[in-house]
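Compute the structure for the input listed below.
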Amino acid sequence: MPSTARIPSPPAPGNAPGRRERARGALLGLAVGDALGAPAENMLPSEIRARWGRITGYVTDRPAGTDDTEYAIFSGLLLARHGSALTPAHVGAAWHEWIADRSEGPFRGAGFSERGTLENLRRGLAAPISAQHRHAWSDGLAMRAAPHGVFAAG
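Residues are numbered from 1 along each chain as shown. Below is the predicted model of the structure:
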């Protein structure tokens, strides 16, 4: 099946944002939300309140994101490259090329579910077995869902 990733979206009626603008907004919203929540990652609501009280200022001199944004970008890059022809083999090859076989690079961050997969890939396991490990239950898939929703919008 050929990729539909390069088919331009129809023009939006009136002043409504088009598909491209909505896609950009969704992915930027993911990155901004990730950066805003990064300082409180893995904290309980009671711990957040005890540390910061009611949060009213959201801008910092040192903006930060987490692996959530990195892996969403990773999924978006795969979809941009392969479109609807994306296969588990493509994903596995990309994990090796961009993450597992590098000591450093653009995708340095990783949660515990990603680290388990990376360990399995480095041991030579391939999908779907590479994703079977002690921490395969985490929110790792949720962080990669937005690009797939944007790709398949409508």
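
In this protein, which helix is the longest?
The residue-count maximum for a helix in the chain (DSSP state H) belongs to helix 19-37.

Tell me the helices and strands packed up against it.
helix 67-82, helix 145-151 (3 or more C-beta pairs under 8 Å, 6 or more residues apart in numbering; DSSP states H and E). For glycine as for every other residue, the C-beta is placed from the backbone atoms N, C-alpha and C.

List the buried residues of the helix or strand bottoming out on mean pLDDT in the chain.
Counting by mean pLDDT, DSSP states H and E, the chain has its least confident helix or strand at helix 112-122, which shows a mean of 81. Buried residues in helix 112-122, counted by 16 or more other C-beta atoms under 10 Å: Ser113, Glu114, Gly116, Thr117, Leu118, Asn120, Leu121.

low-confidence ranges in the protein?
Applying pLDDT under 70 to the chain picks out residues 1-14, 16, 55, 57-60, 62-64, 103-109, 135-140.

show me the contacts for the residue nearest to the spatial centre of the chain.
Most central in the chain under C-alpha atoms, centre = their mean is Ala72, positioned 1.7 Å from the mean C-alpha point. Ala72 is in contact with Leu27, Leu30, Ala31, Met143, Arg144, Ala146, Pro147, counting by C-beta atoms under 8 Å, 6 or more residues apart in numbering.

Just the closest of the residues you listed to Glu47, please.
The nearest member of the contacts of Ala72 to Glu47, counting by C-beta to C-beta, is Met143 at 21.7 Å.

For the closest one, which non-adjacent residue is closest in space?
For Met143, ignoring the flanking residues on the chain, the nearest one in space by C-beta to C-beta, 6 or more residues apart in numbering is Asp68 at 4.0 Å.

Pretty sure the one you found sits against Leu36.
No - with contacts counted by C-beta atoms under 8 Å, Asp68 stays clear of Leu36, the gap being 11.5 Å.

Many thanks, we can stop here.
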